[in-house]
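[1] got a structure for you, letters missing:
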């Protein structure tokens, strides 16, 4: 191993005898943000604590990592950066961090994330997770600039509207429903890339919440599947946008969201690479889900793309969002 490589990976080795740490209120905020996003980088963490200097935050992140409150993901070094350079260090919650949040806030552990927090996470998975975090933070920042719109993370949703969910051993992360598709009747599931709520204080109670399951599409996943393949069991074993949408459609029809997530209804927001891919997804929705036997309303599936987001300077609530039929609206409306 070269000296340069040793220097890189020394950032990830846990010291045998770390400097002791006394957890502060800001440390708890850091742990809470990591918990809410699952995967987050140092740049995002600094943006969430503007009252602290970048240098001080960097030192706290190192101490929290050394004492196993956080886990620093060395796979970030394998992600290609166009033009060279390196990415900010990325983190997920460590064992002691989960214990601290359970003790202080009563938050259930995210058992799946805890099991997978180290070397089993691939570099592409981490890159995708960081993209999810960036979008959710953009949405949160956008909501903060619009009067009367409040952004809520899952733990905040449950605390306010479904406190019984916080008493579970772990928070729900899978939308699962019994499907009935070409003679196939089994329970199938999908894991959303994110889940959040927008609450509108100027609307009538009961009609003032928008619960969103987020899907970040990087343009590599099959959208529709040929008719012959949809009638085989293999269809359910392979990933596609159609398969995900079918799970959401059956979950909506059977009310899974009320029981598992404590929300009265939901929408699926898919953020993809460009307008052309949005049109392809809308075409698939109209062909597969708009008519009988599903008759899923077009408002259940929302679409936008990263090109359009950049044109609107990342102000997510003002970005044009299209439904399954192509009708445009914004999340601020």
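    Thanks, I have it. Fair warning: this is a prediction, and the values are worked out from it, not measured in the lab. Numbering: from 1, shown residues only.

[2] which element is the residue lying closest to residue 66 once chain neighbours are set aside on?
    In space, and not counting its chain neighbours, residue 66 is closest to residue 18: 3.7 Å by CB to CB, 6 or more residues apart in numbering. Just so you know, the C-beta spots here come from the backbone N, C-alpha and C atoms, and that holds for glycine as well. Remark: residue 18 resides in no helix or strand, with elements defined by DSSP states H and E.

[3] what residues are up against residue 18?
    63, 66, 67 (CB atoms under 8 Å, 6 or more residues apart in numbering).

[4] that one and residue 62, how far apart?
    Separation of residue 18 from residue 62 (CB to CB, to the nearest Å): 9 Å.

[5] returning to that earlier point: pLDDT at the residue nearest to residue 66, what is it?
    Looking at residue 18, its pLDDT stands at 85.

[6] which one is the spatially most central residue of the chain nearest to, not counting chain neighbours?
    Nearest to the centroid of the C-alpha atoms of the chain, with distances taken as CA atoms, centre = their mean, sits residue 194, at 2.5 Å. Among residues not flanking residue 194 along the chain, residue 214 sits closest, at 3.5 Å (CB to CB, 6+ apart).

[7] and for that neighbour, the neighbour number?
    Residue 214 has 19 neighbours, counted by other CB atoms under 10 Å.

[8] so it bridges to which residues?
    Beta bridges link residue 214 to residue 194, residue 269, judged by DSSP bridges.

[9] ok, it to residue 179 distance?
    Residue 214 sits 22 Å away from residue 179, taking CB to CB as the criterion.

[10] now do the strands in the stretch 201-333 of the chain.
    Using DSSP state E, counting those that start in this stretch, the strands of the stretch 201-333 of the chain run over 209-216, 267-272, 301-305, 321-323, 328-329.

[11] ugh, wrong one, the stretch 1-150 of the chain
    Along the stretch 1-150 of the chain, counting by DSSP E, counting those that start in this stretch, strands occupy 40-41, 70-72, 90-93, 149-152.

[12] deepest of the ones you listed, which one?
    Most buried of the strands of the stretch 1-150 of the chain, by mean neighbour count (mean count of other CB atoms under 10 Å): strand 90-93, with a mean of 27.

[13] how far off centre is the one helix or strand residue 188 maps to?
    Per DSSP H and E: residue 188 is located in strand 184-190. Centre-to-centre, strand 184-190 and its host chain are 22 Å apart (CA atoms, centre = their mean, to the nearest Å).

[14] one more: stretch 154-165?
    Remark: stretch 154-165 is offset 17 Å from the chain centroid, using CA atoms, centre = their mean.

[15] pretty sure the residue nearest to the centre of the chain contacts residue 132?
    Yes - the pair residue 194 / residue 132 is scored as a contact, 5.2 Å apart, by CB atoms under 8 Å.
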